[in-house]
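Need coordinates for the below:
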Amino acid sequence: MTGLRNKWLSPDFLFGLLFTLVIAGIGTGLAYLPVFNRLGPMLSAILIAVIFRNTIGYPESMRTGIQFSGRRLLRIAIILYGFKLNIDIVIHKGGMLLVHGFITIIAAVILTMIFARLVKAEHNLSFLLGVGTGVCGAAAIAAVSPIIKASDEDTAIGVGIIALTGTVFAVVYSFLRAYLPLTPELYGVWSGISLHEIAHVAAAAAPAGQDALALGLLAKLGRVFLLVPLSILLSLWMRRKGTAEGAQSAPFPWFLLGFILTSLIGTYLPLPKTLLNDISVAASFLLAAAMVALGFNVHLSSLRARALKPFAAMFGASVIVSLISYYTLWF
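Coordinates of the predicted model:
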């Protein structure tokens, strides 16, 4: 315990932690500027880290603090992310939306893995992209990554791909809205059950009005809600697989219990809206800091060779998921 405390109080650790927080702050600030506001704070921050890593190099002296950000801050961010999920609304008002969300998750994962096999893409990265597409983008990738023991580079690449793809889809949805025979409410639901990130849903649905935005976010929250059973089932499957192969069992994702607890607190305790908004901002910032740490593990020299095929698999799956979601709106 003393050794761990000394490690966390060492200058290298503190500088590494501060370094990731500063870059996360820069990325968050850039997200308010034109062009970068389409990328969002997480992708802006991770791009800075990737550029730094591949021009100046990995700051080895800060490794302990950077690794802490990529692992511990990541879990803290997921726990705080639970405050965004109103379980009561999802259960009582979004029953059918949960069914749509379930269909989206299953379709996204299965289709991504089928396409990944056809193009011979890497399994772990493709699976992360499938989960990110089906559930809630970067947050889902961050939650599932430690369960399947994905590398930091795979996690960072997955987050970058999902953020860019979701941004493109949000823009396309906004353009198509005027040409589709959908009411604003149905358009909002379609956005919520098919787009990648909460931010993408908000960006696509908001121009259609407040009702479209509310339904879109409700549909999206239903998919976030399904992250918990999905992660638990995946953890149990990994444990069984590890036992069958004689390998070490996958650790149970205890941070998901924190996610559930914060969801319950945010749902049933009368917390001030300003406090919930502050927590939401903190969660997004810590997730950006974690993405910075993961971005330091991305090698651009291998990115083209490793990311193109998984991206193609996920993009194809995303298109089909959008079509499936569109045609199931009336069921």
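
switch to C-alpha atoms for all contacts and neighbour counts from now on
Noted.

Closest to the centroid, which residue in the chain?
If you average the C-alpha coordinates of the chain and look for the closest C-alpha using Cα atoms, centre = their mean, you land on residue 138, 1.6 Å from that point.

Do I have it right that it meets residue 164?
No. Because the distance of 11.0 Å does not satisfy Cα atoms under 8 Å, residue 138 is recorded as not touching residue 164.

can you give me the mean pLDDT across the helix ranked longest in the chain?
Secondary structure of the chain per DSSP state H: the longest helix is helix 300-327. The average of the pLDDT scores along helix 300-327 is 87.

Let me see the ranges of the helices in the stretch 1-150 of the chain.
Using DSSP state H, counting those that start in this stretch, the helices assigned to the stretch 1-150 of the chain run over residues 2-9, 11-30, 36-55, 63-68, 74-81, 87-93, 95-119, 123-134, 138-148.

Report all helices and strands that the fourth one contacts.
Looking back up the chat, that one is helix 63-68. With contacts defined as 3 or more Cα pairs under 8 Å, 6 or more residues apart in numbering; DSSP states H and E, the packing partners of helix 63-68 are helix 11-30.

Return the set of buried residues in the helix it packs on.
Within helix 11-30, the residues that count as buried by 16 or more other Cα atoms under 10 Å are 12-21, 23-25, 27-30.

next one: stretch 132-149
132-148.

what do you get for stretch 257-274?
258-267.

who touches that stretch?
When contacts are taken as Cα atoms under 8 Å, 6 or more residues apart in numbering, the neighbours of stretch 257-274 outside the stretch itself are 78-88, 228, 276.

let's go with 10 Å and repeat that
75-89, 225, 228, 255-256, 276, 279-280 (Cα atoms under 10 Å, 6 or more residues apart in numbering).

tell me how far that stretch is from the chain's mean position?
On the basis of Cα atoms, centre = their mean, to the nearest Å, the separation between the geometric centre of stretch 257-274 and that of its chain is 20 Å.

next one: stretch 272-283
Its chain's average C-alpha position is 19 Å from that of stretch 272-283, according to Cα atoms, centre = their mean.

where's the nearest residue to residue 29 once chain neighbours are set aside relative to residue 56, distance?
On the basis of Cα to Cα, 6 or more residues apart in numbering, the spatially nearest residue to residue 29 that is not a chain neighbour turns out to be residue 41, at 7.5 Å. Counting by Cα to Cα, to the nearest Å, the gap from residue 41 to residue 56 is 22 Å.
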